[in-house]
Structures are given as structure tokens and as C-alpha cells.
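Chemist: From the sequence below, what's the structure:
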Amino acid sequence: MNDLALLLTPEGRALLDEVRDTDPARELAVATRLRREHPAELVSAALGQARLRQRAAVKFGAEDAGRMFFTPNGVEQSTRASVAAYRARRLADSGVTSVADLCCGIGGDAIALARAGIRVLAVDRDPLTAAAARANAGALGLADLIEVRQADVTEVDTAGYDAVFVDPARRGGRGRIFDPEAYSPPLSWAVSAARRAPRAALKLAPGIPHEAVPEEAEAEWISDGGDVKEAVLWFGTEPGAVRATLLPGPRTLLSRGLPDPGVRPPGRYLYEPDGAVIRAHLVAEVADRVGGGLLDATIAYVTADALRPTPYATAYEITDHLPFNVKRLKALLREREVGTLTVKKRGSAVEPEELRRKVKPQGPHAATVFLTRVSGAPAMLIGHPA
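Modeler: Have a look, this model is predicted:
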């Protein structure tokens with residue numbers, strides 16, 4: 001709290017501007033120089049905040065991150081701005097004008113909601129985190145739309161708000177928490193809060209089991225640039241709907257309740273579904289789009305004879321299908337002068353780096369090898385992006 005208070009003073013803000021682009025390798029020299037003119041505590045706080053802002057630029061963009069205030073946990077746990085903006089737009093498009101943002105963290109979601117024109121009550125029980133959220137609302141010119149309150153979210157009255165957004169803490173002293181009932185607050189409490197509101201969105205880890213999704217909720221898995229970021233349970237939208245949304249775009253694939261695809265021999269093309277599609281259990285929808293089937297009943301690789309581009313999967317043209325054998329792979333790569341080897345695996349215990357060390361790729365050409373199973377047997381499929 002003291003560090004943040006120091007940084008919010010005119011001297012602190014000026015010092016933050018001065019150290020904005022400090023190279024971590026030069027930090028000691030910069031600190032030594034600045035301590036001749038500023039208190040050591042302020043210099044340490046400014047340099048620490050500069051490091052956090054540099055890390056946060058990946059999620060928030062350099063312009064916003066350069067004005068915001070972060071805690072180490074805030075950088076780690078906050079939502080990527082593109083994902084938060086997508087969710088906020090969904091709420092705004094549904095007619096929501098006010099949201100109670102529970103477990104707001106440093107305010108990333110509240111900022112996105114406010115920029116969508118929504119009035120926000122942002123609540124967090126940690127004093128430093130709430131103070132950072134308040135500072136961020138002011139720094140980005142959104143203080144008129146964001147009210148920050150330090151409180152226990154389980155004691156906050158959300159009546160009068162069009163929607164509730166809950167982002168339970170999913171990290172503890174020992175790292176990630178995988179049991180939804182061990183979240184803070186637990187998933188059961190978040191669901192009960194959602195049921196009391198006209199609309200709600202619960203941000204959860206993408207590994208949330210499908211059986212944990214309430215019947216009246218819509219479940220959406222979101223990826224950004226190919227990386228799966230989160231699952232969202234929506235209340236007051238389409239009960240029972242399941243979708244995968246890919247950003248940028250957005251592009252959304254909705255479940256049609258198709259049966260699992262059949263297993264078939266490898267075709268000319270292999271399709272690797274986006275991670276959000278896999279988490280949403282929508283591989284069947286991809287297989288239907290490309291006219292394909294599965295290489296193995298337990299693995300999310302789709303194979304087909306024709307190239308039918310789809311945003312929901314990356315297509316590869318397969319040139320070789322071999323039983324798993326390192327010596328054969330090494331000989332084939334040497335024959336084709338492959339020096340750049342991309343290794344992808346599903347259903348294989350072989351580590352990509354270990355395989356690269358063994359085959360020692362050399363040459364001007366590139367290839368992709370898939371280590372997987374074909375109808376239960378370990379196999380290698382070699383090809384390139386289609």
C-alpha cells in the first residue's frame with residue numbers, strides 16, 4: 001500500500017515516467033543514480049512498477065500498461081484486454097448498462113466494461129488490489145464509470161445491477177487451483193450469485209469439467225491467437241448452449257450436438273482443431289465441416305481427403321504416414337534436407353525436444369511431424385501447413 005501511495009504522488013508519477021523504458025540489465029546503475037535525488041523506497045517502488053508495466057504490455061498493450069498500476073499477482077491473473085473487451089461487448093449488446101464486478105483484481109475487466117459504456121461496481125477484498133483498481137480507473141479516465149469498493153464479495157448487495165461478473169481467484173500459495181470448490185470464492189457461491197442476477201458471467205479456468213456446468217448456463221471457451229484463455233459460464237442467455245470463440249474475430253462455433261466422429265485411415269490432410277474447440281468438445285463440428293474423421297477415437301486430430309479451410313482448425317498436408325520409429329524418421333528427414341522441424345504431439349509420451357536431439361535435423365527445408373496414435377498404434381505423420 002505504501003509503495004502505491006508513493007507512486008501516486010507527483011514525485012512518484014514523474015519518476016515512473018523517467019524509468020519507463022529502463023533495461024533490466026541497467027537497473028542497478030539507474031537505481032544508484034536516482035537514489036542521489038529521490039528516497040530509496042520510492043526508487044525501488046518505481047523500478048518495480050516499471051518491470052510490472054513491461055510485463056503487462058502483452059495483456060494490456062503498451063499504451064494502457066504504461067499508465068496503469070500493477071501488483072505481481074495482478075499482472076499474472078488479470079484478463080487479456082482483447083478477451084475482456086469481447087466479454088464486455090457481449091454484455092453491452094444484450095442491453096446491460098450496469099455490472100457488479102466481483103473479485104475485480106487490478107481492474108482489467110472493469111476497464112473493458114466501462115469502455116463498453118457500462119457502469120461498474122468493482123469489488124475486491126484485498127486493500128492493495130482495490131487501491132490499484134481505483135488508481136487504474138483514474139489513470140485511464142474511467143473514474144466516472146467505475147466505483148471501486150474494498151469488501152468481501154460475499155457480503156455485497158448486487159441488487160439493482162443488470163448483471164454480475166465473477167472472477168474467482170484460482171491461485172493459492174502453492175500455485176494453480178484445479179478444484180472449482182477451492183476457488184476463492186467457491187464456484188458454488190459464484191453460481192448462486194449468478195442465479196440471483198438478471199444476467200451473469202463467471203470467468204473460470206478452461207479446464208472446468210463439462211459436468212460442473214449448471215443446466216441453465218451457457219458454456220463458452222475462448223482462445224486468443226490460438227491460446228486458450230478461459231471458460232465463461234453465461235446466465236440469462238442460452239441455457240445449455242456450448243460454444244467455442246476464437247479471437248481476434250470473433251469467430252464462434254456453436255455446438256449442434258453431433259455424435260463423435262468415426263475413426264478412419266489417414267487422408268491427405270490433417271486438421272488440428274483450435275484449443276477452445278477441443279475444450280468445448282466441438283471436434284465433431286470441425287470434422288463435419290471438413291468432411292473428415294478421427295485418426296484415433298481418443299485423440300483430437302481430424303483427417304480428411306480434401307482441403308476445406310476453416311478458422312476453427314489448422315490444416316496440414318500429410319506426405320508420409322509411418323509407424324513410430326526414430327531411425328526411420330531421422331533417415332527421411334536427412335534425405336529431404338529438413339533443418340527446421342516442428343514437432344506436435346497428442347497421445348505420445350515422446351518429448352519434442354528429445355526427438356529433435358535424436359534426429360538432428362539439418363538442411364534448408366522445413367517439415368512438421370505429428371507424434372500420435374492411428375487406430376491405437378503409435379505413429380508419425382509428416383507434412384507441412386496446407
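
Chemist: quick one: the helices in the stretch 201-350 of the chain?
Modeler: Remark: helices assigned in the stretch 201-350 of the chain by DSSP state H, counting those that start in this stretch are 275-279, 283-290, 326-335.

Chemist: residues contacting Pro385?
Modeler: Applying C-beta atoms under 8 Å, 6 or more residues apart in numbering to Pro385 gives the contacts Thr314, Ala315, Tyr316, Glu317, Thr368. All C-beta spots, glycine's among them, are computed from the backbone N, C-alpha and C.

Chemist: so what's the last one closest to, chain neighbours aside?
Modeler: Setting aside the residues directly before and after it, Thr368 is nearest to Thr342 in space (C-beta to C-beta, 6 or more residues apart in numbering), at 4.4 Å.

Chemist: now do the fourth one
Modeler: Nearest-residue entry for Glu317: Ala386, 4.5 Å, with adjacent residues in sequence omitted and distances by C-beta to C-beta, 6+ apart.

Chemist: again with the second one
Modeler: Excluding the flanking residues, the one nearest Ala315 by C-beta to C-beta, 6+ apart is Ala386, at 4.1 Å.

Chemist: Same question for Ala31.
Modeler: Leaving aside its chain neighbours, Ala31 sits nearest to Val43 (5.5 Å; criterion: C-beta to C-beta, 6+ apart).

Chemist: Flag the shaky bits of the chain, pLDDT-wise.
Modeler: Applying pLDDT under 70 to the chain picks out residues 1, 171-175.

Chemist: ok, the residue nearest to Thr368 - how many residues close by?
Modeler: 14 (other C-beta atoms under 10 Å).

Chemist: same deal with Phe60?
Modeler: Counted with other C-beta under 10 Å, Phe60 comes out at 27.

Chemist: Taking the contacts of Pro385, please make a PyMOL selection of just the buried ones.
Modeler: PyMOL command restricting these to the buried ones, with burial defined by 16 or more other C-beta atoms under 10 Å:
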select buried, resi 314+315+316+368
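
Chemist: Among the contacts of Pro385, which one lies nearest to Ile146?
Modeler: Closest to Ile146 out of the contacts of Pro385 is Thr314 (38.8 Å), distances taken as C-beta to C-beta.

Chemist: Identify the residue nearest the geometric centre of this structure.
Modeler: Lys229 (1.9 Å; C-alpha atoms, centre = their mean).

Chemist: need the contact list for it.
Modeler: Counting by C-beta under 8 Å, 6+ apart, the residues that Lys229 touches are Thr79, Arg80, Val83, Pro206, Ile222, Ser223.

Chemist: Which stretches in the stretch 251-386 of the chain count as strands?
Modeler: Assigned by DSSP state E, counting those that start in this stretch, the strands in the stretch 251-386 of the chain fall at 251-254, 269-273, 293-296, 299-304, 313-323, 338-345, 365-374, 377-385.

Chemist: Parallel or antiparallel, list what pairs with the first one.
Modeler: Put plainly, it is strand 251-254. When pairing is defined by DSSP bridges, strand 251-254 lines up against strand 242-247 (antiparallel).

Chemist: Just the buried residues of the partner strand, please?
Modeler: So, applying 16+ other C-beta under 10 Å, buried residues of strand 242-247: Val242, Arg243, Ala244, Thr245, Leu246, Leu247.

Chemist: swap in stretch 119-134?
Modeler: Quick answer for stretch 119-134 (16+ other C-beta under 10 Å): 119-126, 128-134.

Chemist: Among these, which ones are in helices?
Modeler: Leu128, Thr129, Ala130, Ala131, Ala132, Ala133, Arg134 (DSSP state H).

Chemist: just checking, the first one touches Ala5?
Modeler: Same thing as Leu128. No: counting by C-beta atoms under 8 Å, Leu128 sits too far from Ala5 to count as a contact (10.1 Å).

Chemist: shared neighbours of the two, anything?
Modeler: In contact with both Leu128 and Ala5: no residue, using C-beta under 8 Å, 6+ apart.

Chemist: will you turn the strands of the stretch 251-386 of the chain into JSON lines that also has distance to Arg176?
Modeler: Formatted as JSON lines, the strands of the stretch 251-386 of the chain follow (distance: least, C-beta to C-beta, whole Å):
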{"stretch": "strand 251-254", "distance to Arg176": "27"}
{"stretch": "strand 269-273", "distance to Arg176": "24"}
{"stretch": "strand 293-296", "distance to Arg176": "29"}
{"stretch": "strand 299-304", "distance to Arg176": "23"}
{"stretch": "strand 313-323", "distance to Arg176": "27"}
{"stretch": "strand 338-345", "distance to Arg176": "22"}
{"stretch": "strand 365-374", "distance to Arg176": "26"}
{"stretch": "strand 377-385", "distance to Arg176": "30"}
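
Chemist: Nearest to Ala29, out of the ones you listed?
Modeler: Nearest of the strands of the stretch 251-386 of the chain to Ala29, taken as C-beta to C-beta: strand 338-345 at 39.2 Å.

Chemist: Can you give the strand pairings for the closest one, parallel or anti for each?
Modeler: strand 365-374 (parallel).

Chemist: residues in contact with the strand it pairs with?
Modeler: 265-266, 270, 295-296, 298-299, 301, 316, 321, 324, 329, 333, 336-348, 350, 352, 355, 378-385.

Chemist: One more pass at 6 Å, please.
Modeler: Identification of contacts with strand 365-374 by C-beta atoms under 6 Å, 6 or more residues apart in numbering yields 295-296, 299, 301, 316, 337-338, 340-348, 350, 380-384.
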